[in-house]
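>>> this one's sequence-less:
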């Protein structure tokens, strides 16, 4: 009897939690869908950001994502290869592993501070795509390393032994046998980190993001608008908050959609190749 | 032969590149700590007095130095005699530029204020209890008062200070307590809210749900962890803030409670995922022996599965707290950002990350405020690093005795 009540309670609580979490998404979708139009996605904000669209912010986020992946992907994958294929189990490797885990736990605003002091001020990039991309790249690094390591771990040792026994060198084994087999899972990690990076606000506050910029960036040393920062700005500091609300809902919906699409692609890849 | 040599060289080259990439995370963590601390440490060496101004006293005065907080108390009228600061029993007379200008006629100051430096000097030297707050440009070698050395904040004042007024004049105040307590207050509230629900869902998923339901729910919940924090903040601003305002009839809904609720929603996916993974590590054999001994399913869950997974569950809680402490945007949007020490959950508070995000844009590089914000970043860094390491240690602990 007691058990029935408690389990019933757990069930109700679980469904309540799931319902709450999804009502958030539902709410944004419901309110935002009306704002989405071709014009909204392809034009610049006008009239004190109460009208027009979010095109510069979409472009800005696109550049930042590309830039950060150019930084994080090669380093992250190479680091993952080192950890799984080369590193033994010594003290040095243990330290690296702990540091990688810890880097993932550092708040994004701390990355923002670091990026500001190193890239913006010390290296004199200014508020720019390159400074923002480098900062976001560092943030995405732990995720890519972890996924790469796990992807490599799931490749059976018989693959490696077979290749080595045929006379291939270690590098050839990794490049021609292990990496191709692990590739789909590594791509999954890349796509998930794209979803994560495109929604980060705090790291780009002081390294890349512009409040309002009517023209598109022409070089990597230009400031850009970005979707998450744009949402923050129009949600909190517009001159006419009520009039900007539809724009804010629309921006939030675009952000959520990006995350959803990235997750769907990742799930699809994972399912397709996990046989 | 040549090919073999080339191959060997290539192997070596790649291995070095891999090794270098492997150590990148370690290097980044070191760089972050070096940069944050070197930028932040300047706070304890720089003057907190408004840039371009000095504080000066009469030459007779025995006071050698003042703290930022004493300066504020004097100008606020809370300290009225030099005796309270260890000097003679003389009432303090504060002099700002305007006060001095009011003491003299326009003729005495000169048509273009060319006699102003002289008069400032005179005003201070003729009053034993004077404390002048003047622009540096008017102080020359003829000045007959005693210019105080730069007013710096001590470690003790920073960590024990109860006031955070980074742009106050004559002296800025940097007291960590309201921000630190605000951060802990909001984070603990979030965990207390999220924990019962998170555990219920984790137990449901691990023990009660059919494999099919679990297979659908788990990825969906993981998906929610990926939603940007600024979206959660926006939702909180639109729905939760007005709700709290109306429900508790508060003047503003932007409160610590709003922050806690939004953070709880954000922390739920993390807590659920980690706790569920921990619960599922319990070996089937243990559960089956418990059931075979006549224990009900509930007793098995409560007495066998949960204790077995307790270290993993604790790690989930600690990771949740770590995430809540560092969360910036959502908290910035819903907590009202008043830098006061909180007493109830229904008051506006300001957290450490929100302070950095809100103020860094206005602080010019190298200024005291800039340094103070980097010091906050350093504290946040140490706090979250400690929490991650702690969670790691707990999770690695061997199960059972």
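Arrived safely. Predicted, not measured: the structure shown is a model, and the values here were computed from it.
>>> Please, where are all the strands along chain B?
B:53-57, B:93-96, B:130-135, B:146-147, B:164-165, B:173-174 (DSSP state E).
>>> Then chain A?
With DSSP E as the criterion, chain A has strands spanning A:45-46, A:51-52.
>>> Direction included, what does the last one pair up with?
Using DSSP bridges, the strands paired with strand A:51-52 in its sheet are strand A:45-46 (antiparallel).
>>> Could you pull up the mean pLDDT of the partner strand?
Mean pLDDT, strand A:45-46: 78.
>>> Centre of the chain to it, how far?
Computed by CA atoms, centre = their mean, to the nearest Å, the chain-centroid distance of strand A:45-46 equals 27 Å.
>>> Check stretch B:180-197 too.
On CA atoms, centre = their mean, the centre of stretch B:180-197 falls 15 Å from the chain's centre.
>>> Mark out where each domain of chain B begins and ends.
If you go by automatic domain parsing, the domain ranges for chain B are B:53-151, B:177-396.
>>> And the ones you listed, which one averages the lowest pLDDT?
What stands lowest among the domains of chain B, in mean pLDDT terms, is domain B:53-151, with a mean of 82.
>>> Endpoints of it, how far apart?
11 Å (CA to CA, to the nearest Å).
>>> Output the below-cut-off pLDDT ranges for the stretch 51-200 of chain A.
Within the stretch 51-200 of chain A, no stretch falls below the threshold (pLDDT under 70).
>>> Helices of that one, residue ranges please.
With helices called from DSSP state H, counting those that start in this stretch, the stretch 51-200 of chain A shows them at A:55-81, A:91-105, A:108-115, A:129-153, A:157-165, A:170-172, A:179-199.
>>> In the chain, which helix is the longest?
Because you didn't say which chain, this covers chain A. helix A:241-273 (DSSP state H).
>>> The chain in question should be chain B.
helix B:368-396.
>>> Could you see whether chain A lies near it?
Yes - contact of helix B:368-396 with chain A (CB under 8 Å from any CB of the partner chain) involves B:373-374, B:377, B:380-381, B:384-385, B:387-389, B:392. In short, each C-beta sits where N, CA and C put it, glycine included.
>>> ok, and the closest non-adjacent residue to the residue of the stretch 151-275 of chain A found nearest chain B?
The minimum distance from the stretch 151-275 of chain A to chain B, using CB to the nearest CB, falls at residue A:199 (2.7 Å). Of all residues not flanking residue A:199 in the chain, residue B:228 sits nearest, at 2.7 Å (CB to CB, 6 or more residues apart in numbering or on different chains).
>>> count of residues packed around that neighbour?
25 (other CB atoms under 10 Å in any protein chain shown).
>>> any idea how far it is from residue B:54?
47 Å (CB to CB, to the nearest Å).
>>> so residue A:142 makes contact with residue A:98?
No - at 11.5 Å, residue A:142 does not count as touching residue A:98 under the criterion of CB atoms under 8 Å.
>>> So between those two, which is more surrounded?
Comparing residue A:142 with residue A:98 by other CB under 10 Å, the one with more neighbours is residue A:142, at 23 against 16.
>>> on that earlier part again, the longest helix of chain A versus helix A:179-199: what angle between them?
170 degrees (axes from the mean of the first three to the mean of the last three CA atoms, to 10 degrees).
>>> coming back round to it: tell me the most buried of the domains of chain B?
Counting by mean count of other CB atoms under 10 Å in any protein chain shown, domain B:177-396 has the highest mean neighbour count of those, with a mean of 20.
>>> ok, the closest residue to chain A within the stretch 151-300 of chain B to residue A:15 distance?
Nearest to chain A, among the residues of the stretch 151-300 of chain B, is residue B:228, at 2.7 Å (CB to the nearest CB). Residue B:228 sits 25 Å away from residue A:15, going by CB to CB.
>>> can you tell me which residues contact the closest residue to residue A:240 other than its chain neighbours?
Distances taken as CB to CB, 6+ apart put residue A:50 closest to residue A:240, at 6.0 Å, once the chain neighbours are dropped. By CB atoms under 8 Å, 6 or more residues apart in numbering or on different chains, the contact set of residue A:50 is A:238, A:240, A:243-244, A:247.
>>> Can you lay out those residues as CSV showing neighbour count and pLDDT?
Compiled in CSV, the contacts of residue A:50 are given as follows (neighbours: other CB atoms under 10 Å in any protein chain shown; pLDDT from 0 to 100):
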residue, neighbour count, pLDDT
A:238, 17, 66
A:240, 11, 72
A:243, 15, 79
A:244, 23, 83
A:247, 24, 87
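>>> just those residues now: which is nearest residue B:135?
residue A:238 (37.6 Å; CB to CB).
>>> who in the stretch 151-275 of chain A is up against chain B?
Counting by CB under 8 Å from any CB, the stretch 151-275 of chain A sits next to chain B at A:169-171, A:192, A:195-196, A:198-202, A:205-206, A:228-229, A:231-232, A:235-236, A:245, A:248, A:252, A:255-256, A:259-260, A:262-263, A:267.
>>> I am finished for the moment; much appreciated.
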